[in-house]
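1. structure for this input, please:
(one chain, ligands or ions: 1)
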Amino acid sequence: MKNTVNLWQLFKKIRPFVAPYRWLVFITLILTLIGALAAQVNALTLQYAVDSINQLLSEGQGLQHGWHILITITAILLGKEILNTLIQFGQKLFGEKLRILVSQDLAQSIIEKFLTYRLAFFTQDDNQAGKLQTRIDRGIGSLTRLVQIFFIEILPLFTSAIIALGLMFYANFWVGLVALCIVPIYFLLTFRQAQKLGNWRRNLRDGREKKSQGILSIINSITVIKSFNREKIEADKQLSLQRDLIQNQMQTRQVSFLFDGLKTFIEQIGVVLIIILTAYFVLAGQMSIGMIMYHVLLFNNVSAPIRSLHRIYDEINDAMIYSESFFKILEADDEIESTGSLKPAHLQGEFQLKNVEFFYPNGHHALKNINMTIHPNKITALVGLSGAGKSTLISLLDKFYQPQSGVISIDGVDLQDIDTAYLRDHIGLVLQKNHIFQGTIAENIRYGKTDASMDEIIQAAQKASIHDQIIKLAHGYETNALMLSGGQQQRIAIARMFLKNPPIIFLDEPTASLDAIATEQIKHSLDEIKQGRTVIIISHSLSQIIDADYTYVMQDGEIVEHGEHYTLYQQQGVYKNIFDAMAKSLNIDKIAKTFEEEELHHS
Ligand code: ADP
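-> As a prediction, this is how the structure comes out:
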């Protein structure tokens, strides 16, 4: 993946998330500065120690006069370590606090944002649930890591390096210059190393993902693998993946070690140069001997941050790659659902579609020149083979998608002008598999009306013919709803609809995933909810189709026939074919014969 954001843009994007925590940043910066100054104390102390001891010795004096030196050094070094411990503690604490707060804000803002996006955003190929989640997780992870790296690692190290370099220049221009010259060489090496390793790191990551996917797929298909006796083949597949991975790991390590060696070499050359240069000045009488110590330790402070540069570089790179897709999600303002402003006093649900054309985001032409009228307070059935476009039609009526051309109106008002939330408040959607949330039965029913009382919930459950079963459960309405059977869950969803009590109901194959008994049991709840509402039902169940007042037959995105059941059946067209096929698949002849024989037997 090529990163198109640069570091500066990235910082600009993160800034609003860090801004509320200015005080944390401020404290961290102050601590950083104190820490950077304290880091130079060792060098100063050692220089002082060497020079003072050297002077004592040259004056022919010994330990009895040197105690005060030892005591001073001990006090300074000990004091500095105590200070340092406190500073590091504070820095880590505040840095971590900043990271946690920023990551929470990032997570919350992206959730709030994408909840407002239109459905098309979620059905795009690269936004499937798993991928979206990975992108968000990685984005947040690496962005907050970046904030943390900046405040806990880069800033303290580099402040200390700059101060040390300044002190070296202050002590002697030439020594400072030598130290400064080593830095760009080091930078260059780090950069080359990161570049070289970048590709391999990516390969390594891919390889690891492939391998763990491979293991997962073995576990998932273990029955098939065993029934075909393919254990050996699967093992070999894993072996070849492992071999690639090993190859890659070896190469990565080799390059890493090579560059690490080179960097240490350059650093040591720097140390040697500084020792020789300082020794020269000492011998020339321009410096005290303690300066050798002083310079070597300062140089150590200069090279310390550059040593970890490689790791920091990698993390920044990762952050830029992952944050790109993160911000793409966060900033997809064109994906925000459109809404009108009209809220008619009363929505009855007379839908009119005129010349409606609809293409899915992937280009699929799902609805072609649709013209239809849905009569209010009637049951309209949509019939057609799977893939004909029935669900798509319902999605358009719920404003999940917008037609590319043509007009959809409700009670004479263009759907685009209607407030989307208001429209959805008036529509109930019952799907093939209804979503049951993690939580109790009561909570799941209450989703239909968040302020519903327990009495209302029970009433709704009674209307959906599920109350009697719920009270038989050990925990009644407090039972985990995910434990219920498919048929029971479907009735929970219908109870939710009773509570919401919308004037318009869309039923999209409400019994398709249920067995015969459950379908029979649910029929009553469905008949109940259809009463006095505008209903559109998609179904493959003969009984539900026959019950409809009016039927539209769809094929390949078009409406090919429409009318009432008997009229349609007599047209000898698509409807009759589908209807006959359904009846045949039920084996109605034999079923009828069974019932006849049973009756004969009894009579
Ligand atoms: P039905 O409900 O009649 O079975 P759908 O309305 O679900 O049919 O689908 C109609 C056509 O649109 C099918 O060919 C289906 O593959 C396609 N389709 C459905 N959803 C999407 C989508 N999100 N993106 C692209 N094509 C889709």
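2. who does Leu382 form a beta bridge with?
-> In this entry, Leu382 is beta-bridged to Ile538, Tyr552, by DSSP bridges.
3. which residues sit in contact with the residue of the stretch 101-250 of the chain found nearest the ligand?
-> Closest residue of the stretch 101-250 of the chain to the ligand, Cβ to the nearest ligand atom: Thr123 (3.7 Å). Where you see a C-beta, it was placed from the backbone N, CA and C, and this is true even at glycine. Each residue near Thr123 by Cβ atoms under 8 Å, 6 or more residues apart in numbering is listed here: 360-361.
4. excluding its backbone neighbours, what's nearest Ile34?
-> Setting aside the residues directly before and after it, Ile34 is nearest to Ile87 in space (Cβ to Cβ, 6 or more residues apart in numbering), at 5.8 Å.
5. how much space is there between the residue of the stretch 101-250 of the chain closest to the ligand and Tyr401?
-> Applying Cβ to Cβ, to the nearest Å, the value for Thr123 to Tyr401 is 9 Å.
6. which neighbours do the two have in common?
-> Tyr360.
7. quick one, strands of the stretch 501-603 of the chain?
-> 504-508, 534-538, 550-555, 558-563 (DSSP state E, counting those that start in this stretch).
8. number of residues surrounding the residue of the stretch 201-350 of the chain found nearest the ligand?
-> Residue nearest to the ligand within the stretch 201-350 of the chain: Glu335 (14.5 Å; Cβ to the nearest ligand atom). Neighbour count of Glu335, defined by other Cβ atoms under 10 Å: 18.
9. the one 10 residues further on now?
-> The local packing of Ala345 (other Cβ under 10 Å) involves 4 other residues.
10. likewise Lys113?
-> Look at Lys113: counted by other Cβ under 10 Å, it has 16 neighbours.
11. what's the answer for Arg446, then?
-> Other residues close to Arg446 by other Cβ under 10 Å number 22.
12. now swap in the one 4 residues further on and tell me
-> The local packing count at Thr450 equals 7, with neighbours defined by other Cβ under 10 Å.
13. quick one: residues contacting Met483.
-> Applying Cβ under 8 Å, 6+ apart, no residues qualify as near Met483.
14. quick one: the helices in the stretch 251-400 of the chain, in order.
-> Counting by DSSP state H, counting those that start in this stretch, the stretch 251-400 of the chain has helices at residues 290-307, 309-330, 390-397.
15. what helices or strands is the longest one leaning on?
-> Taking 3 or more Cβ pairs under 8 Å, 6 or more residues apart in numbering; DSSP states H and E as the contact definition, the neighbouring helices and strands of helix 309-330 are helix 7-18, helix 63-115, helix 129-148, helix 173-220.
16. just the shortest one next, same as before
-> Taking 3+ Cβ pairs under 8 Å, 6+ apart as the contact definition, the neighbouring helices and strands of helix 390-397 are strand 351-359, strand 365-374, strand 379-383, strand 504-508, strand 534-538.
17. in its sheet, what does the second one sit against?
-> Sheet pairing of strand 365-374 (DSSP bridges) gives strand 351-359 (antiparallel).
18. and Asp451, which of the three is it?
-> Three-state call for Asp451 (DSSP: H, G, I helix; E, B strand; the rest coil): coil.
19. could I get the pLDDT score of it?
-> The score at Asp451 is 91. That number is its pLDDT.
20. which positions in the stretch 1-150 of the chain make contact with the ligand?
-> Thr123 (Cβ under 6 Å from any ligand atom).
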